[in-house]
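S.K.: Sequence first, then the predicted structure, then my questions.
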Amino acid sequence: MASERNRDEEHREAFEEVIGISQSCKDEINMIKNNDSDLEEFSLENVYAAPGDVDYFSDLAWELLGRYIADNDHLVNIDLSLCHLTDEKNSLLFKYLTKARSLTTLNIANNNVGLNGIQSMVPLLKNAQSLTKLDIGGNDNINNECFR
């Protein structure tokens, strides 16, 4: 019971109590967390999220989002393009995201991901059998060294 309380406290701290994150974004993250079957696509830059929501994401928020996505059975498409992802944020996001049973498309294009960010994705890429499309374009820090 204590761990459930700690998870709820983490969620409140990362999302619910943050004034800069729009209610629509919080609602979609709650849907992911609750494994809602009505949510198959998630984008932080879509019409549901307010511009700038991602600017208020703490390290804990990125980590929890990865955990929620990993535990979700219904998310098919995730678009995190233009979300100011860095190697550090990408590592937090993918820390628990070693499994994503339903994920077919992942877009992290046009961020600031480089070698360490790509390396943090390897466990997911090895385990996500349903993943058919990965967009990493527009990340200027990605070069040949990332794939050796």
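M.R.: Looks like it arrived, so ask away.
S.K.: in this protein, which spans are strands?
M.R.: Here the chain has its strands, by DSSP state E, at 41-43, 77-79, 105-107, 133-135.
S.K.: What are the buried residues along the first one?
M.R.: For strand 41-43, the buried set under the neighbour-count rule, 16 or more other Cβ atoms under 10 Å, comprises 42-43. Just so you know, the C-beta spots here come from the backbone N, C-alpha and C atoms, and that holds for glycine as well.
S.K.: What of stretch 7-25?
M.R.: Within stretch 7-25, the residues that qualify as buried are 11, 14-15, 18, 21, 25, counting by 16+ other Cβ under 10 Å.
S.K.: now do stretch 102-115
M.R.: Across stretch 102-115, burial judged by 16+ other Cβ under 10 Å covers 103, 105-114.
S.K.: Need the contact partners of that stretch.
M.R.: Under the contact criterion Cβ atoms under 8 Å, 6 or more residues apart in numbering, stretch 102-115 has outside partners 40, 69, 72-87, 90, 128, 130-143, 145-146.
S.K.: end to end, how far does that stretch reach?
M.R.: 26 Å (Cα to Cα, to the nearest Å).
S.K.: pull the helix or strand with minimum mean pLDDT from the chain.
M.R.: Sorted by mean pLDDT, DSSP states H and E, the helices and strands of the chain end with helix 2-11, the least confident at a mean of 79.
S.K.: residue ranges for the helices of this structure, please.
M.R.: For the chain, the helices defined by DSSP state H cover 2-11, 23-33, 59-70, 87-94, 115-127.
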